[in-house]
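> what's the 3D shape of this:
(4 chains)
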There are 2 protein chains.
Amino acid sequence: MSDTGAVQSAETEGGVRDPAASKARLRLWLKLLKATKHVEAELRENLRVTFDTTLPRFDVMAALYRAEPGLKMSELSSVLRVSNGNVTGIVDRLVDDGMLVRIPVDNDRRATTVRLTKAGREQFQAMAKRHEDWIDCLLGEVDLSETQDMLDQLERIAVKSTKKES
Amino acid sequence: MSDTGAVQSAETEGGVRDPAASKARLRLWLKLLKATKHVEAELRENLRVTFDTTLPRFDVMAALYRAEPGLKMSELSSVLRVSNGNVTGIVDRLVDDGMLVRIPVDNDRRATTVRLTKAGREQFQAMAKRHEDWIDCLLGEVDLSETQDMLDQLERIAVKSTKKES
DNA sequence: CATAAACATTTTAGGCTTGAACTATCTCGG
DNA sequence: CCGAGATAGTTCAAGCCTAAAATGTTTATG
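This is a model prediction of the structure:
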(Lines give C-alpha, C1' and ligand atoms only; values in the text may rest on other atoms or scores of the structure.)
Protein backbone atom coordinates (compact mmCIF):
# COMPACT_ATOMS: atom_id res chain seq x y z
CA MET A 1 0.00 0.00 0.00
CA SER A 2 2.70 2.49 0.93
CA ASP A 3 4.44 1.12 -2.11
CA THR A 4 1.61 2.20 -4.35
CA GLY A 5 1.66 5.57 -2.65
CA ALA A 6 5.32 6.06 -3.45
CA VAL A 7 4.74 5.24 -7.10
CA GLN A 8 1.93 7.74 -7.27
CA SER A 9 4.07 10.51 -5.84
CA ALA A 10 6.79 9.80 -8.36
CA GLU A 11 4.22 9.96 -11.12
CA THR A 12 2.65 13.22 -10.14
CA GLU A 13 6.04 14.84 -9.60
CA GLY A 14 7.79 13.80 -12.79
CA GLY A 15 6.15 13.31 -16.16
CA VAL A 16 6.57 9.54 -16.26
CA ARG A 17 3.37 7.48 -16.07
CA ASP A 18 2.69 3.89 -15.21
CA PRO A 19 0.55 2.64 -18.12
CA ALA A 20 -1.39 0.19 -15.94
CA ALA A 21 -2.19 2.90 -13.41
CA SER A 22 -3.16 5.20 -16.27
CA LYS A 23 -5.63 2.68 -17.60
CA ALA A 24 -7.04 2.08 -14.13
CA ARG A 25 -7.61 5.81 -13.69
CA LEU A 26 -9.23 6.07 -17.09
CA ARG A 27 -11.60 3.22 -16.24
CA LEU A 28 -12.38 4.88 -12.93
CA TRP A 29 -13.11 8.17 -14.63
CA LEU A 30 -15.44 6.59 -17.17
CA LYS A 31 -17.32 4.76 -14.44
CA LEU A 32 -17.51 7.88 -12.33
CA LEU A 33 -18.95 9.77 -15.26
CA LYS A 34 -21.42 7.02 -16.06
CA ALA A 35 -22.71 6.77 -12.50
CA THR A 36 -23.05 10.53 -12.16
CA LYS A 37 -24.81 10.93 -15.50
CA HIS A 38 -27.18 8.13 -14.59
CA VAL A 39 -28.19 9.68 -11.28
CA GLU A 40 -28.42 13.12 -12.86
CA ALA A 41 -30.68 11.84 -15.62
CA GLU A 42 -33.01 10.17 -13.13
CA LEU A 43 -33.18 13.29 -11.00
CA ARG A 44 -33.83 15.48 -14.01
CA GLU A 45 -36.63 13.20 -15.17
CA ASN A 46 -38.16 13.03 -11.69
CA LEU A 47 -38.05 16.80 -11.31
CA ARG A 48 -39.60 17.22 -14.71
CA VAL A 49 -42.56 14.87 -14.27
CA THR A 50 -43.18 15.57 -10.58
CA PHE A 51 -42.57 19.29 -10.33
CA ASP A 52 -42.30 20.46 -13.93
CA THR A 53 -38.92 21.97 -13.22
CA THR A 54 -35.24 21.38 -13.99
CA LEU A 55 -32.06 20.49 -12.17
CA PRO A 56 -30.42 23.92 -12.61
CA ARG A 57 -33.51 25.59 -11.18
CA PHE A 58 -33.46 23.18 -8.26
CA ASP A 59 -29.78 23.93 -7.67
CA VAL A 60 -30.36 27.67 -7.60
CA MET A 61 -33.25 27.30 -5.18
CA ALA A 62 -31.22 24.95 -2.99
CA ALA A 63 -28.36 27.43 -2.77
CA LEU A 64 -30.74 30.22 -1.83
CA TYR A 65 -32.58 28.08 0.69
CA ARG A 66 -29.33 27.33 2.50
CA ALA A 67 -28.28 31.00 2.55
CA GLU A 68 -31.41 32.56 3.98
CA PRO A 69 -30.68 36.25 3.74
CA GLY A 70 -30.20 35.59 0.04
CA LEU A 71 -27.18 35.77 -2.23
CA LYS A 72 -25.80 38.23 -4.70
CA MET A 73 -25.72 37.06 -8.32
CA SER A 74 -21.97 36.70 -8.23
CA GLU A 75 -22.09 34.70 -4.99
CA LEU A 76 -24.70 32.45 -6.56
CA SER A 77 -22.60 31.74 -9.62
CA SER A 78 -19.54 31.11 -7.51
CA VAL A 79 -21.39 28.74 -5.15
CA LEU A 80 -22.89 26.82 -8.06
CA ARG A 81 -19.66 27.03 -10.04
CA VAL A 82 -21.35 28.13 -13.22
CA SER A 83 -20.79 31.20 -15.34
CA ASN A 84 -22.17 34.59 -14.49
CA GLY A 85 -24.36 34.86 -17.54
CA ASN A 86 -25.82 31.46 -16.93
CA VAL A 87 -27.22 32.42 -13.55
CA THR A 88 -28.84 35.50 -15.05
CA GLY A 89 -31.04 33.39 -17.31
CA ILE A 90 -32.07 30.85 -14.70
CA VAL A 91 -32.85 33.54 -12.16
CA ASP A 92 -34.83 35.49 -14.78
CA ARG A 93 -37.13 32.53 -15.32
CA LEU A 94 -37.48 31.78 -11.61
CA VAL A 95 -38.39 35.42 -10.98
CA ASP A 96 -40.99 35.22 -13.75
CA ASP A 97 -42.46 32.19 -11.99
CA GLY A 98 -42.62 34.00 -8.68
CA MET A 99 -40.09 31.76 -6.93
CA LEU A 100 -37.43 34.47 -6.49
CA VAL A 101 -37.11 38.21 -6.02
CA ARG A 102 -34.25 40.49 -6.93
CA ILE A 103 -33.50 43.04 -4.24
CA PRO A 104 -31.22 46.03 -4.83
CA VAL A 105 -28.22 46.22 -2.51
CA ASP A 106 -27.79 49.36 -0.46
CA ASN A 107 -24.62 51.34 -1.12
CA ASP A 108 -23.86 49.45 -4.32
CA ARG A 109 -26.11 50.09 -7.28
CA ARG A 110 -24.26 47.47 -9.35
CA ALA A 111 -25.27 44.51 -7.21
CA THR A 112 -28.55 42.71 -6.56
CA THR A 113 -29.42 40.19 -3.92
CA VAL A 114 -31.59 37.25 -4.92
CA ARG A 115 -33.91 35.68 -2.39
CA LEU A 116 -36.58 32.98 -2.35
CA THR A 117 -40.17 34.18 -2.07
CA LYS A 118 -42.57 32.47 0.30
CA ALA A 119 -43.86 30.44 -2.63
CA GLY A 120 -40.30 29.59 -3.58
CA ARG A 121 -39.44 28.41 -0.11
CA GLU A 122 -42.52 26.21 0.07
CA GLN A 123 -41.93 24.81 -3.39
CA PHE A 124 -38.34 24.04 -2.51
CA GLN A 125 -39.21 22.27 0.71
CA ALA A 126 -41.54 19.97 -1.17
CA MET A 127 -38.92 19.27 -3.79
CA ALA A 128 -36.10 18.75 -1.27
CA LYS A 129 -38.11 16.13 0.56
CA ARG A 130 -38.64 14.11 -2.60
CA HIS A 131 -35.11 14.75 -3.76
CA GLU A 132 -33.72 13.09 -0.67
CA ASP A 133 -35.93 10.06 -1.25
CA TRP A 134 -34.77 9.81 -4.85
CA ILE A 135 -31.11 9.95 -3.86
CA ASP A 136 -31.74 7.43 -1.13
CA CYS A 137 -33.21 5.11 -3.71
CA LEU A 138 -30.65 5.74 -6.44
CA LEU A 139 -27.70 5.28 -4.10
CA GLY A 140 -29.46 2.57 -2.12
CA GLU A 141 -27.11 -0.11 -3.39
CA VAL A 142 -23.89 1.45 -2.17
CA ASP A 143 -22.33 -0.07 0.86
CA LEU A 144 -22.61 2.61 3.50
CA SER A 145 -19.66 1.20 5.44
CA GLU A 146 -17.47 2.32 2.55
CA THR A 147 -19.03 5.73 2.15
CA GLN A 148 -16.37 7.54 4.13
CA ASP A 149 -13.54 6.05 2.06
CA MET A 150 -15.31 7.09 -1.09
CA LEU A 151 -15.92 10.59 0.20
CA ASP A 152 -12.20 10.89 0.96
CA GLN A 153 -11.21 9.72 -2.50
CA LEU A 154 -13.69 12.02 -4.18
CA GLU A 155 -12.49 14.90 -2.04
CA ARG A 156 -8.99 14.37 -3.36
CA ILE A 157 -10.27 14.54 -6.92
CA ALA A 158 -12.46 17.57 -6.42
CA VAL A 159 -9.96 19.59 -4.46
CA LYS A 160 -7.26 19.85 -7.10
CA SER A 161 -8.04 23.19 -8.68
CA THR A 162 -4.52 24.16 -9.70
CA LYS A 163 -3.29 22.61 -12.87
CA LYS A 164 0.06 20.84 -13.03
CA GLU A 165 -0.25 19.46 -16.55
CA SER A 166 1.40 21.10 -19.52
CA MET B 1 -21.00 -5.42 7.72
CA SER B 2 -23.65 -8.02 6.91
CA ASP B 3 -25.70 -6.08 9.41
CA THR B 4 -25.50 -2.96 7.33
CA GLY B 5 -26.47 -4.99 4.32
CA ALA B 6 -29.60 -6.23 6.00
CA VAL B 7 -30.66 -2.72 6.92
CA GLN B 8 -30.16 -1.55 3.37
CA SER B 9 -32.30 -4.36 1.98
CA ALA B 10 -35.08 -3.51 4.38
CA GLU B 11 -34.88 0.09 3.25
CA THR B 12 -35.01 -0.55 -0.44
CA GLU B 13 -37.87 -3.01 -0.04
CA GLY B 14 -40.14 -1.02 2.26
CA GLY B 15 -40.57 2.72 2.18
CA VAL B 16 -38.94 3.37 5.54
CA ARG B 17 -35.62 5.18 5.53
CA ASP B 18 -32.86 5.57 8.04
CA PRO B 19 -32.35 9.34 8.27
CA ALA B 20 -28.63 9.04 9.02
CA ALA B 21 -28.10 6.76 6.03
CA SER B 22 -30.14 9.15 3.92
CA LYS B 23 -27.94 12.06 4.87
CA ALA B 24 -24.82 10.02 4.21
CA ARG B 25 -26.07 9.16 0.73
CA LEU B 26 -26.95 12.77 0.03
CA ARG B 27 -23.45 13.84 1.06
CA LEU B 28 -21.97 11.15 -1.13
CA TRP B 29 -24.05 12.27 -4.09
CA LEU B 30 -23.06 15.89 -3.71
CA LYS B 31 -19.39 14.97 -3.50
CA LEU B 32 -19.70 12.64 -6.48
CA LEU B 33 -21.26 15.43 -8.48
CA LYS B 34 -18.65 17.94 -7.41
CA ALA B 35 -15.73 15.68 -8.32
CA THR B 36 -17.24 14.78 -11.68
CA LYS B 37 -18.03 18.38 -12.58
CA HIS B 38 -14.53 19.41 -11.62
CA VAL B 39 -12.86 16.83 -13.85
CA GLU B 40 -15.31 17.54 -16.65
CA ALA B 41 -14.61 21.26 -16.48
CA GLU B 42 -10.86 20.71 -16.64
CA LEU B 43 -11.19 18.35 -19.59
CA ARG B 44 -13.49 20.74 -21.42
CA GLU B 45 -11.06 23.60 -20.90
CA ASN B 46 -8.08 21.49 -21.99
CA LEU B 47 -9.88 20.32 -25.12
CA ARG B 48 -10.87 23.87 -25.92
CA VAL B 49 -7.45 25.47 -25.61
CA THR B 50 -5.41 22.57 -26.96
CA PHE B 51 -7.60 21.25 -29.76
CA ASP B 52 -10.30 23.89 -30.18
CA THR B 53 -12.98 21.26 -29.69
CA THR B 54 -15.55 20.18 -27.13
CA LEU B 55 -16.27 17.23 -24.86
CA PRO B 56 -19.35 16.04 -26.79
CA ARG B 57 -17.37 16.04 -30.03
CA PHE B 58 -14.62 14.09 -28.32
CA ASP B 59 -17.15 11.59 -27.01
CA VAL B 60 -18.64 11.03 -30.45
CA MET B 61 -15.23 10.53 -32.00
CA ALA B 62 -14.20 8.18 -29.19
CA ALA B 63 -17.27 6.02 -29.72
CA LEU B 64 -16.61 5.84 -33.45
CA TYR B 65 -12.93 5.14 -32.97
CA ARG B 66 -13.74 2.14 -30.80
CA ALA B 67 -16.30 0.79 -33.29
CA GLU B 68 -14.24 0.89 -36.43
CA PRO B 69 -16.77 -0.11 -39.09
CA GLY B 70 -18.73 2.87 -37.84
CA LEU B 71 -22.05 3.21 -36.06
CA LYS B 72 -25.57 4.06 -37.06
CA MET B 73 -26.98 7.28 -35.63
CA SER B 74 -29.24 5.36 -33.27
CA GLU B 75 -26.38 3.18 -32.08
CA LEU B 76 -24.34 6.28 -31.46
CA SER B 77 -27.00 7.94 -29.37
CA SER B 78 -27.59 4.76 -27.41
CA VAL B 79 -23.87 4.23 -26.73
CA LEU B 80 -23.44 7.84 -25.63
CA ARG B 81 -26.76 7.84 -23.79
CA VAL B 82 -27.88 11.11 -25.25
CA SER B 83 -30.99 11.93 -27.24
CA ASN B 84 -31.33 11.15 -30.92
CA GLY B 85 -31.68 14.72 -32.01
CA ASN B 86 -28.64 15.73 -30.05
CA VAL B 87 -26.37 13.41 -31.99
CA THR B 88 -27.68 14.80 -35.26
CA GLY B 89 -26.35 18.25 -34.45
CA ILE B 90 -22.95 17.16 -33.19
CA VAL B 91 -22.44 14.83 -36.16
CA ASP B 92 -23.51 17.61 -38.56
CA ARG B 93 -20.75 19.85 -37.28
CA LEU B 94 -18.14 17.10 -37.28
CA VAL B 95 -19.06 16.26 -40.87
CA ASP B 96 -18.70 19.93 -41.79
CA ASP B 97 -15.23 19.85 -40.27
CA GLY B 98 -14.27 16.76 -42.25
CA MET B 99 -13.87 14.52 -39.21
CA LEU B 100 -16.81 12.23 -40.07
CA VAL B 101 -18.70 10.88 -43.04
CA ARG B 102 -22.28 9.70 -43.28
CA ILE B 103 -22.66 6.53 -45.32
CA PRO B 104 -26.05 5.24 -46.48
CA VAL B 105 -26.92 1.75 -45.27
CA ASP B 106 -27.70 -0.86 -47.92
CA ASN B 107 -31.19 -2.35 -47.75
CA ASP B 108 -32.44 0.34 -45.38
CA ARG B 109 -32.85 3.81 -46.75
CA ARG B 110 -33.85 5.12 -43.33
CA ALA B 111 -30.51 4.51 -41.69
CA THR B 112 -27.04 6.03 -42.06
CA THR B 113 -23.73 4.81 -40.76
CA VAL B 114 -21.31 7.36 -39.39
CA ARG B 115 -17.59 6.75 -39.65
CA LEU B 116 -14.39 8.64 -38.86
CA THR B 117 -12.47 9.98 -41.84
CA LYS B 118 -8.71 9.54 -41.99
CA ALA B 119 -8.36 13.09 -40.68
CA GLY B 120 -10.84 12.28 -37.93
CA ARG B 121 -8.92 9.19 -36.87
CA GLU B 122 -5.65 11.07 -36.73
CA GLN B 123 -7.17 13.95 -34.85
CA PHE B 124 -8.72 11.57 -32.35
CA GLN B 125 -5.49 9.69 -31.74
CA ALA B 126 -3.74 12.93 -30.87
CA MET B 127 -6.55 13.93 -28.55
CA ALA B 128 -6.84 10.52 -26.87
CA LYS B 129 -3.15 10.57 -26.00
CA ARG B 130 -3.45 13.89 -24.22
CA HIS B 131 -6.77 12.95 -22.73
CA GLU B 132 -5.22 10.00 -20.94
CA ASP B 133 -2.49 12.25 -19.54
CA TRP B 134 -5.06 14.72 -18.30
CA ILE B 135 -7.07 12.03 -16.55
CA ASP B 136 -3.90 10.60 -15.08
CA CYS B 137 -3.11 13.98 -13.66
CA LEU B 138 -6.61 14.84 -12.49
CA LEU B 139 -7.12 11.50 -10.77
CA GLY B 140 -3.50 11.29 -9.69
CA GLU B 141 -4.40 11.72 -6.05
CA VAL B 142 -6.71 8.76 -5.74
CA ASP B 143 -5.34 5.74 -3.98
CA LEU B 144 -5.11 3.10 -6.68
CA SER B 145 -5.38 0.30 -4.15
CA GLU B 146 -8.95 1.38 -3.56
CA THR B 147 -9.85 1.79 -7.19
CA GLN B 148 -11.50 -1.58 -7.51
CA ASP B 149 -13.75 -0.99 -4.48
CA MET B 150 -14.76 2.33 -5.93
CA LEU B 151 -15.44 0.81 -9.34
CA ASP B 152 -17.69 -1.76 -7.69
CA GLN B 153 -19.63 0.86 -5.77
CA LEU B 154 -20.02 3.04 -8.83
CA GLU B 155 -21.14 0.05 -10.85
CA ARG B 156 -23.95 -0.53 -8.37
CA ILE B 157 -25.08 3.06 -8.79
CA ALA B 158 -24.86 3.09 -12.56
CA VAL B 159 -26.51 -0.24 -13.13
CA LYS B 160 -29.88 0.56 -11.60
CA SER B 161 -31.88 1.53 -14.64
CA THR B 162 -35.29 0.39 -13.42
CA LYS B 163 -37.02 2.75 -11.06
CA LYS B 164 -38.46 1.53 -7.76
CA GLU B 165 -39.46 4.90 -6.38
CA SER B 166 -43.01 6.19 -6.49
C1' DC C 1 -51.66 -6.00 -51.89
C1' DA C 2 -52.99 -2.59 -48.47
C1' DT C 3 -52.14 -0.59 -44.48
C1' DA C 4 -51.10 -0.21 -39.70
C1' DA C 5 -47.39 -0.44 -36.64
C1' DA C 6 -42.60 -0.07 -35.85
C1' DC C 7 -38.39 2.12 -36.82
C1' DA C 8 -34.37 5.57 -38.09
C1' DT C 9 -33.60 9.97 -38.34
C1' DT C 10 -34.39 14.96 -38.46
C1' DT C 11 -36.73 19.07 -37.01
C1' DT C 12 -38.45 22.17 -33.58
C1' DA C 13 -39.10 24.79 -29.35
C1' DG C 14 -37.25 25.75 -25.18
C1' DG C 15 -33.86 25.72 -21.74
C1' DC C 16 -28.82 25.28 -20.20
C1' DT C 17 -23.90 26.58 -20.64
C1' DT C 18 -19.83 28.95 -21.87
C1' DG C 19 -16.51 32.73 -22.96
C1' DA C 20 -16.34 37.20 -24.44
C1' DA C 21 -18.03 41.75 -25.11
C1' DC C 22 -20.54 45.38 -23.04
C1' DT C 23 -22.75 48.65 -19.45
C1' DA C 24 -22.95 50.65 -15.22
C1' DT C 25 -20.97 51.52 -10.92
C1' DC C 26 -17.50 51.78 -7.48
C1' DT C 27 -12.75 52.68 -5.58
C1' DC C 28 -8.61 54.69 -5.14
C1' DG C 29 -4.33 57.15 -6.21
C1' DG C 30 -2.95 61.53 -7.67
C1' DC D 1 -12.14 66.05 -8.29
C1' DC D 2 -10.97 62.82 -11.90
C1' DG D 3 -9.58 59.22 -14.51
C1' DA D 4 -7.79 54.31 -14.43
C1' DG D 5 -8.73 50.10 -13.06
C1' DA D 6 -11.68 46.77 -10.64
C1' DT D 7 -16.17 44.87 -9.90
C1' DA D 8 -21.39 43.37 -10.63
C1' DG D 9 -24.31 42.18 -13.76
C1' DT D 10 -26.35 41.52 -18.45
C1' DT D 11 -26.16 40.49 -23.29
C1' DC D 12 -24.58 37.85 -27.14
C1' DA D 13 -23.26 34.07 -30.30
C1' DA D 14 -22.54 29.46 -30.51
C1' DG D 15 -23.04 24.98 -29.13
C1' DC D 16 -25.25 21.32 -26.15
C1' DC D 17 -29.36 18.87 -24.63
C1' DT D 18 -34.05 17.23 -24.18
C1' DA D 19 -38.85 15.82 -25.27
C1' DA D 20 -42.05 15.79 -28.71
C1' DA D 21 -43.63 16.17 -33.36
C1' DA D 22 -42.75 15.32 -38.13
C1' DT D 23 -40.81 12.68 -42.22
C1' DG D 24 -39.67 8.92 -44.68
C1' DT D 25 -38.97 3.87 -44.78
C1' DT D 26 -39.59 -0.90 -43.58
C1' DT D 27 -42.12 -4.82 -41.81
C1' DA D 28 -45.80 -7.58 -40.57
C1' DT D 29 -50.59 -8.74 -40.76
C1' DG D 30 -54.97 -9.42 -42.56
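
> ok, the most centrally placed residue in chain A to A:Ala67 distance?
Nearest to the geometric centre of chain A sits A:Leu80, at 6.6 Å (C-alpha atoms, centre = their mean). From A:Leu80 over to A:Ala67 the distance is 12 Å, taken as C-beta to C-beta, to the nearest Å. The C-beta positions use only the backbone N, C-alpha and C, and glycine is treated the same way.

> buried residues, the longest helix belonging to chain A. List them.
In chain A, with assignment by DSSP state H, the single longest helix is helix A:19-51. Buried residues in helix A:19-51, counted by 16 or more other C-beta atoms under 10 Å in any protein chain shown: A:21-22, A:24-26, A:28-29, A:31-36, A:38-40, A:42-43, A:46-47, A:51.

> lowest mean pLDDT among the helices and strands of chain A, which one is it?
Using mean pLDDT, DSSP states H and E, the weakest-scoring helix or strand in chain A turns out to be helix A:2-13, at a mean of 44.

> sorry, back to before: kindly calculate the angle that whatever helix or strand comes next after the longest helix of chain A makes with helix B:19-51.
Sequence-wise, the next helix or strand downstream of helix A:19-51 (DSSP states H and E) is helix A:55-66. Compare the direction of helix A:55-66 with that of helix B:19-51 by axes from the mean of the first three to the mean of the last three C-alpha atoms, to 10 degrees and you get 120 degrees.

> what about helix A:55-66, near DNA strand C?
Yes - between helix A:55-66 and DNA strand C, judged by C-beta under 7 Å from any atom of the strand, the touching residues are A:Leu55, A:Pro56, A:Arg57.

> so what's the first one closest to, chain neighbours aside?
Leaving aside its chain neighbours, A:Leu55 sits nearest to A:Arg44 (5.0 Å; criterion: C-beta to C-beta, 6 or more residues apart in numbering or on different chains).

> hang on, the earlier thing: got the contact list for the residue nearest to the centre of chain A?
Contact analysis of A:Leu80 by C-beta atoms under 8 Å, 6 or more residues apart in numbering or on different chains lists A:Asp59, A:Val60, A:Ala63, A:Val87.

> how deep is the last one tucked in, by neighbour count?
Counted with other C-beta atoms under 10 Å in any protein chain shown, residues neighbouring A:Val87 total 23.

> within the helices and strands, which one has it?
Taking DSSP H and E as the criterion, A:Val87 maps to helix A:84-96.

> any idea how far whatever helix or strand comes next after that helix is from the chain center?
Per DSSP H and E, the first helix or strand lying C-terminal to helix A:84-96 is strand A:100-105. Computed by C-alpha atoms, centre = their mean, to the nearest Å, the separation of strand A:100-105 from the middle of its chain amounts to 24 Å.

> check the nearest residue to A:Leu28 once chain neighbours are set aside and give its pLDDT.
Leaving aside its sequence neighbours, A:Leu28 sits nearest to B:Thr147 (C-beta to C-beta, 6+ apart; 5.5 Å). If you check B:Thr147, the pLDDT there is 81.

> helix, strand or coil: sort out A:Thr112 for me.
Per DSSP: H, G, I helix; E, B strand; the rest coil, the local secondary structure of A:Thr112 is strand.

> quick one: the spatially closest residue to it that is not a sequence neighbour from A:Asp59, how far?
Take A:Thr112 and drop its neighbours on the chain: the residue closest to it by C-beta to C-beta, 6+ apart is A:Arg102, 4.7 Å away. Distance of A:Arg102 to A:Asp59, given as C-beta to C-beta: 18 Å.

> okay, these two: which has more neighbours?
Legend: neighbour count by other C-beta under 10 Å for A:Arg102 and A:Asp59, higher for A:Asp59 (17 against 13).

> whichever strand or helix holds A:Met127 packs against which elements?
In this assignment (DSSP H and E), A:Met127 forms part of helix A:118-138. Applying 3 or more C-beta pairs under 8 Å, 6 or more residues apart in numbering or on different chains; DSSP states H and E, we find helix A:118-138 packed against helix A:19-51, helix A:55-66, helix B:19-51.

> count of neighbours near A:Leu138?
Per other C-beta under 10 Å, the neighbour tally for A:Leu138 reads 23.

> thinking it is in contact with A:Ala41, fair?
No - with contact defined as C-beta atoms under 8 Å, A:Leu138 does not count as touching A:Ala41 (10.2 Å).

> next, count neighbours for A:Glu68.
Look at A:Glu68: counted by other C-beta under 10 Å, it has 10 neighbours.

> and what of A:Gly98?
Residues near A:Gly98, counting by other C-beta under 10 Å, number 12.

> what about it, distance to A:Pro69?
Using C-beta to C-beta, we find A:Gly98 at a distance of 20 Å from A:Pro69.

> what's the closest of the contacts of A:Leu80 to B:Arg156?
Using C-beta to C-beta, A:Asp59 is the member of those that lies nearest B:Arg156, at 25.1 Å.

> what does the pLDDT read for the closest one?
At A:Asp59, pLDDT is 97.

> returning to what we had before: now the helices and strands packed on helix A:118-138 as TSV including distance to A:Leu154?
What follows is the helices and strands packed on helix A:118-138, written out as TSV (distance: least, C-beta to C-beta, whole Å):
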stretch	distance to A:Leu154
helix A:19-51	9
helix A:55-66	18
helix B:19-51	4
